[in-house]
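S.K.: Quick one, fold the following:
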Amino acid sequence: MAISQDPTSTIEEVTLGIEFEFMVDIEHTEEGAKLKGEHGGGPPPLSLLRVCAGNFVKEFLDNACLAHPVDVSVRMGDPRLAKGSSEVACSSWIVKYDASPVADREYTKVVHVLDALKNMEYVKFNDTCGLHVHVGRGILGFPLKALQKLGSLLFLGGEEVLDQLHPPHRINDVYFESLRSSSRLVLMTPIFEASFSEIEPDSWVEHCCLDIFPGLDDRVKLWVALLWKTRTVDEFCFLISDDSNYHLAYSFKGLESTPLCGFEPRKTIEFRQAEGDLTDQRFVLSWIDVVSRLTAWAVDVEEHDFETVVKEVVGSVLARDDAGMMVQKLLGSIGVSDQVISIMVNRARQVATVKAGTA
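M.R.: Model (predicted):
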């Protein structure tokens with residue numbers, strides 16, 4: 001089991017933004033019926049319905065006495081408007097059309113809003129709803145080498161291991177596509193191979209053990225080598241992103257200095273894959289912990305420990321270990337607590353049973 005020499009250093013700096021996606025049946029609420037009546041029984045403008053839904057959710061959450069205030073995004077009425085001050089500062093829960101409340105690392109506060117949403121009348125969750133976790137370090141962002149370590153581990157099998165925690169409908173589908181199928185690095189490999197042909201990869205690539213495992217796909221070896229040839233954070237993010245906005249399961253677009261389509265830079269990595277069904281509270285909190293520690297590990301881990309984790313993950317994936325064993329090896333290697341590992345191993349085995357039944 002390999003753990004960073006000082007596993008607490010970066011985890012204490014980690015900041016989180018949590019997005020709960022859900023649907024509001026606003027037309028059947030008292031407020032929605034009143035709004036409909038004001039428009040002669042016909043459908044009100046969508047912008048008014050959004051504002052009405054936002055105010056409905058805000059009033060309910062205000063009554064739940066959350067630790068942070070609740071605001072409705074001004075963009076609910078007009079998406080062309082600039083974000084309000086609390087939304088920019090991430091200082092409150094924000095009710096948005098794309099559902100993006102914000103929280104810090106105090107999990108009790110996440111639990112509070114989670115419970116409130118689950119108990120809220122007229123709020124629904126289905127397979128399209130996701131739980132998105134933004135991991136950052138405030139305004140610091142992440143150094144290139146940390147991103148290269150994280151990206152390499154995901155391509156070398158980490159993404160496949162983490163897939164074991166998610167049901168079939170949350171794997172490589174629209175809005176959470178796989179890095180290994182839909183990133184520019186994969187779709188435009190010949191172009192990047194040619195453009196980086198004169199550049200030597202960083203010496204850290206030696207610790208990715210690309211020549212140790214004969215069963216490792218040659219394409220994966222090339223993708224990882226190309227990641228270690230990037231020279232700036234923007235260059236790395238361009239390779240490992242896609243041409244859509246935040247559609248990959250692991251989105252690095254928030255780290256780009258000039259994000260596309262007017263999105264403000266968040267300086268976060270967004271983990272988009274988890275399902276939005278909030279009934280399994282232990283999984284929700286454990287998933288937030290796992291992605292936080294995975295990101296902190298990538299910042300802190302030194303060469304020897306990184307190589308040990310890579311060998312553990314690649315060996316487990318190539319050996320086709322059962323889902324629980326793969327998860328246990330990865331999470332144990334990056335310093336996740338025994339309690340969270342137990343929760344996630346059980347989750348992986350439950351999901352594997354579901355997948356076996358749908359095969």
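S.K.: residue furthest from the geometric center of this structure?
M.R.: Checked against the mean C-alpha position of the chain, the extreme residue using Cα atoms, centre = their mean is G40, at a distance of 43.1 Å.
S.K.: what about it, helix or strand, and which?
M.R.: Per DSSP states H and E, G40 falls between elements, in no helix or strand.
S.K.: Equivalent analysis for the one 10 residues further on, please.
M.R.: Assignment of secondary structure by DSSP H and E places R50 within helix 46-63.
S.K.: what comes into contact with the following helix or strand past that helix?
M.R.: Sequence-wise, the next helix or strand downstream of helix 46-63 (DSSP H and E) is strand 70-72. Contacts of strand 70-72 with the rest of the structure, by Cβ atoms under 8 Å, 6 or more residues apart in numbering, involve 51, 54-55, 57-58, 61-62, 84, 86-87, 92-95, 101. Quick note: C-beta positions are derived from backbone N, CA and C, even for glycine.
S.K.: Show me what counts as buried in whichever helix or strand comes after strand 70-72.
M.R.: For strand 70-72, the following helix or strand on the C-terminal side (DSSP H and E) is helix 85-89. Neighbour-count burial for helix 85-89, with 16 or more other Cβ atoms under 10 Å as criterion, is recorded at 86-87.
S.K.: Buried among the contacts of strand 70-72? Make that a PyMOL selection.
M.R.: To isolate the buried members of those in PyMOL, using 16+ other Cβ under 10 Å:
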select buried, resi 51+54+57+58+61+86+87+92+93+94+95+101
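S.K.: and the residue most central in space within the chain, what is it in contact with?
M.R.: If you average the C-alpha coordinates of the chain and look for the closest C-alpha using Cα atoms, centre = their mean, you land on F271, 0.7 Å from that point. Applying Cβ under 8 Å, 6+ apart, we find F271 in contact with 132-135, 249-250, 287, 291.
S.K.: From S73, how far off is it?
M.R.: 22 Å (Cβ to Cβ, to the nearest Å).
S.K.: which parts of stretch 171-178 are buried?
M.R.: 171-172, 175-178.
S.K.: do the same with stretch 44-56
M.R.: Neighbour count says stretch 44-56 has 44, 48-54, 56 buried, by 16+ other Cβ under 10 Å.
S.K.: Same check on stretch 292-306?
M.R.: By neighbour count with 16+ other Cβ under 10 Å, stretch 292-306 contains the buried residues 292-301, 305-306.
S.K.: among those residues, which are in strands?
M.R.: Cross-referencing those against strands under DSSP state E gives no overlap.
S.K.: so can I have TSV of the residues you listed showing pLDDT and distance to P214?
M.R.: Compiled in TSV, the buried residues of stretch 292-306 are given as follows (pLDDT from 0 to 100; distance: Cβ to Cβ, whole Å):
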residue	pLDDT	distance to P214
S292	95	35
R293	96	31
L294	97	27
T295	96	31
A296	95	33
W297	97	27
A298	97	27
V299	96	31
D300	96	31
V301	96	26
D305	97	24
F306	97	21
